[in-house]
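J.: kindly generate the corresponding structure for this input.
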Amino acid sequence: MLVLGKKLNGKKLIGDPNLFSLEERIFNTVCIIAFITMCFEVPFNFFIGLVVPGFLCVFGVLFSAFLYYLSRFKRKSSLGIKVFCIVCNICFAINYFYNSGIYGPNLLLFALVFLMIVAIIPKAHFKIWLPMNVILVFAILIAEYLDPQLIPNAYANPLNKAIDFGTTYLVVVVLIYFAISYIRENYDYERVSVLKKNIAIETQNTKIIEQNSELERLHIEKDKLFSIVTHDIRSPLSSIQSYLEILTEHDLSQAERISLEQQLLQITRDTSDMLTNVLSWSKTQMEGAHVELTVLSVTEALNTGLSIEKSIAVRKGVTLNVVNNQQLSIIADQNMFQLVLRNLVSNAIKFTQPGGLITVSTSEEDGYCCVMVKDNGKGIETKQQEQLFKLKASSTFGTHNEKGIGLGLLLCKEYTDLQDGKIWFESRVNEGSTFFLSFKLA
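T.: Numbers count the residues shown, from 1 in each chain. Take a look at the predicted model:
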């Protein structure tokens, strides 16, 4: 019975739970079990001399096969259930009169029909089919009571009666077993499915709330970012205007002129770097980043990409050493890689005192190229390290008041991730910082 139960749970035999309703699947199961049990009933009925019940069982074999085909393959379960309810009641009524009436196992069969109707028909149709079964049973019982001669004793001997009762009992309990087992299994299945859906919905709601909070935070940071950008663009323009007014209205000494020019150059350079980062980040946010991964020479990228930074380091009095004794090639986007490299070196220069040392070096580790930018500058405070690669708009100042808005490292993180690379850092306050870039070797 357990083996048969496992086979009946197969989607191909009784229908996919995602396509067939519970009532349809139970009905398909009932048809299959009825077909099998009727096949066993046929020889037993003829063996004990119950000819009419035997032919009714033959009809039951064909009828259950037809209903299964109608429900499982034609998808007309509703029609099949209605035909089942009508024909079963009629057949068992006929069987009642040819199988010893109340002295036979007929009331068991009517009770079985009642159970099957409850299991397979929609609840809204109970008021039609259940009263029909009950009224039919009581009508037959009243007819037998009023005229007992209508129903003769069909058993030739007590053995035949025992065989009939035994086989009928087996049919009834087998059908009840599968109907109730299937209902319980599907109840558990539906309960677990609902539980999983509720958990999934709760998880999704939590994610949505977290995303909304993150979007709100990003929106605030973006507003703050563009507010800072607006202010910081206005500042160098005002400085240039003031410088031109001074040149027009006053005679300056050579030393004063050089000092003003150096200040303006630093302000303009800081503004240019800031605008480059803002425009790159804004373009990425609006259009999405377009990455072209190619084979890139690390040596060439270091030599050509840091020429401006070398000049800035010399003017500030910071030593910038590029140590690259290996000819390594990586898989990266040239523009993105150089932007990341320039940002890291620019930050190192910004936060390193005159007389300090910045070293850019490379190494090969397990099929990856590691680029290190190390300085002995101010270092990064512990509370700032957690926010380093996040959008946290604020004005930052270097050792010579070089100005920034904290967007460069966010770009470094985003662009490195887009190139399938990794970026991380180590830092101690007043001892300096080391930033690491790792890219797969070509």
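J.: what helix or strand is residue 181 on?
T.: Using DSSP states H and E, residue 181 maps to helix 158-249.
J.: and that helix, what does it pack onto?
T.: If you count contacts as 3 or more CB pairs under 8 Å, 6 or more residues apart in numbering; DSSP states H and E, helix 158-249 packs onto helix 2-8, helix 22-47, helix 106-120, helix 254-287. (Each C-beta comes from the backbone N, C-alpha and C, glycine too.)
J.: among these, which gets the worst mean confidence?
T.: Ranked by mean pLDDT, those end with helix 2-8 in last place, scoring a mean of 48.
J.: after that one, next one along is what?
T.: Next along from helix 2-8, by DSSP H and E: helix 11-14.
J.: show me what that following helix is packed against.
T.: helix 22-47.
J.: roughly how far out does the helix it packs on sit from the chain middle?
T.: 43 Å (CA atoms, centre = their mean, to the nearest Å).
J.: what sits against the nearest residue to residue 68 once chain neighbours are set aside?
T.: Setting aside the residues directly before and after it, residue 68 is nearest to residue 31 in space (CB to CB, 6 or more residues apart in numbering), at 3.8 Å. By CB atoms under 8 Å, 6 or more residues apart in numbering, the contact list for residue 31 reads 64, 65, 67, 68, 71, 72, 80.
J.: and residue 31, how far from residue 63?
T.: Look at residue 31 and residue 63: by CB to CB, to the nearest Å, they are 9 Å apart.
J.: repeat for residue 40
T.: Computed as CB to CB, the residue 40 to residue 63 distance reads 16 Å.
J.: more neighbours: those two, which one.
T.: Remark: of residue 40 and residue 63, residue 63 carries more neighbours, 20 against 14, as counted by other CB atoms under 10 Å.
J.: am I right that that one sits in a strand?
T.: No: membership of residue 63 in a strand is not supported by DSSP: H, G, I helix; E, B strand; the rest coil, which gives helix.
J.: show me what contacts it?
T.: With CB under 8 Å, 6+ apart, residue 63 has these contacts: residue 87.
J.: ok, the one 4 residues further on next?
T.: Residue 67 is in contact with 27, 31, 80, 83, 84, counting by CB under 8 Å, 6+ apart.
J.: now flag whichever of those is closest to residue 326.
T.: Distance to residue 326 across those (CB to CB) is lowest for residue 27, with 74.5 Å.
J.: returning to that earlier point: the residue nearest to residue 68 and residue 106, how far apart?
T.: Counting by CB to CB - residue 31 and residue 106 are separated by 22 Å.
J.: who's in contact with the nearest residue to residue 98 once chain neighbours are set aside?
T.: Spatially, and ignoring its direct neighbours in sequence, residue 98 is nearest to residue 52 (3.9 Å; CB to CB, 6+ apart). Residue 52 makes contact with 94, 95, 98, 99, according to CB under 8 Å, 6+ apart.
J.: just the ones of those residues in helices?
T.: 94, 95, 98 (DSSP state H).
J.: CSV please, covering these and showing distance to residue 140 and pLDDT.
T.: CSV is the format used below for the ones in helices among the contacts of residue 52 (distance: CB to CB, whole Å; pLDDT from 0 to 100):
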residue, distance to residue 140, pLDDT
94, 10, 90
95, 11, 88
98, 12, 89
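J.: which of those residues are buried, as a ChimeraX select command?
T.: Selecting only the buried entries of those in ChimeraX, with 16 or more other CB atoms under 10 Å as the criterion:
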select :95,98
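J.: quick check, nearest of the ones in helices among the contacts of residue 52 to residue 18?
T.: Distances from residue 18 to these, taken by CB to CB, are shortest for residue 95, at 38.5 Å.
J.: what about the closest residue to residue 99 other than its chain neighbours, neighbour count?
T.: Using CB to CB, 6+ apart and skipping residues adjacent in sequence, the residue nearest residue 99 is residue 53, 5.1 Å away. Per other CB under 10 Å, the neighbour tally for residue 53 reads 28.
J.: OK, contacts around residue 53?
T.: 45, 95, 98, 99, 154.
J.: if we use 7 Å, what do you get?
T.: 45, 95, 98, 99 (CB atoms under 7 Å, 6 or more residues apart in numbering).
J.: and what of residue 74?
T.: Listed by CB under 7 Å, 6+ apart, residue 74 has no contact partners.
J.: can you pull out the helices in the stretch 251-400 of the chain?
T.: Ranges of helices in the stretch 251-400 of the chain, per DSSP state H, counting those that start in this stretch, are 254-287, 298-305, 307-316, 334-350, 382-385.
J.: on that earlier part again, name the element the residue nearest to residue 99 belongs to?
T.: Residue 53 belongs to helix 51-72, assigned by DSSP H and E.
J.: check the gap between residue 414 and residue 105 for me.
T.: 79 Å.
J.: quick one: pLDDT of the residue lying closest to residue 107 once chain neighbours are set aside?
T.: Closest residue to residue 107 apart from its sequence neighbours, by CB to CB, 6+ apart: residue 137 at 7.2 Å. The model reports residue 137 with a pLDDT of 91.
J.: helices or strands next to whichever helix or strand residue 137 is part of in the packing?
T.: Using DSSP H and E, the element containing residue 137 is helix 126-146. With contacts taken as 3 or more CB pairs under 7 Å, 6 or more residues apart in numbering; DSSP states H and E, helix 126-146 sits against helix 77-98, helix 106-120.
J.: switch the contacts of residue 31 over to TSV; also include distance to residue 129.
T.: Formatted as TSV, the contacts of residue 31 follow (distance: CB to CB, whole Å):
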residue	distance to residue 129
64	18
65	22
67	15
68	20
71	17
72	21
80	14
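J.: ChimeraX command for the buried members of those?
T.: Burial among the contacts of residue 31 is assessed by 16+ other CB under 10 Å; the matching ChimeraX selection reads:
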select :64,67,68,71,72,80
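J.: of the contacts of residue 31, closest to residue 367?
T.: Using CB to CB, the contacts of residue 31 come closest to residue 367 at residue 72, 56.9 Å.
J.: quick check: closest non-adjacent residue to the closest one.
T.: Closest to residue 72 by CB to CB, 6+ apart is residue 28, at 5.3 Å.
J.: again with residue 433
T.: Leaving aside its sequence neighbours, residue 433 sits nearest to residue 427 (CB to CB, 6+ apart; 3.9 Å).
J.: can you tell me how far residue 307 is from residue 332?
T.: Per CB to CB, residue 307 is found 19 Å from residue 332.
J.: so which of the two has more stuff around it?
T.: Using other CB under 10 Å, the more surrounded residue of residue 307 and residue 332 is residue 332, with 29 against 9.
J.: you'd agree the more buried one is up against residue 291?
T.: No: Residue 332 is beyond contact range of residue 291, at 9.1 Å (criterion: CB atoms under 7 Å).
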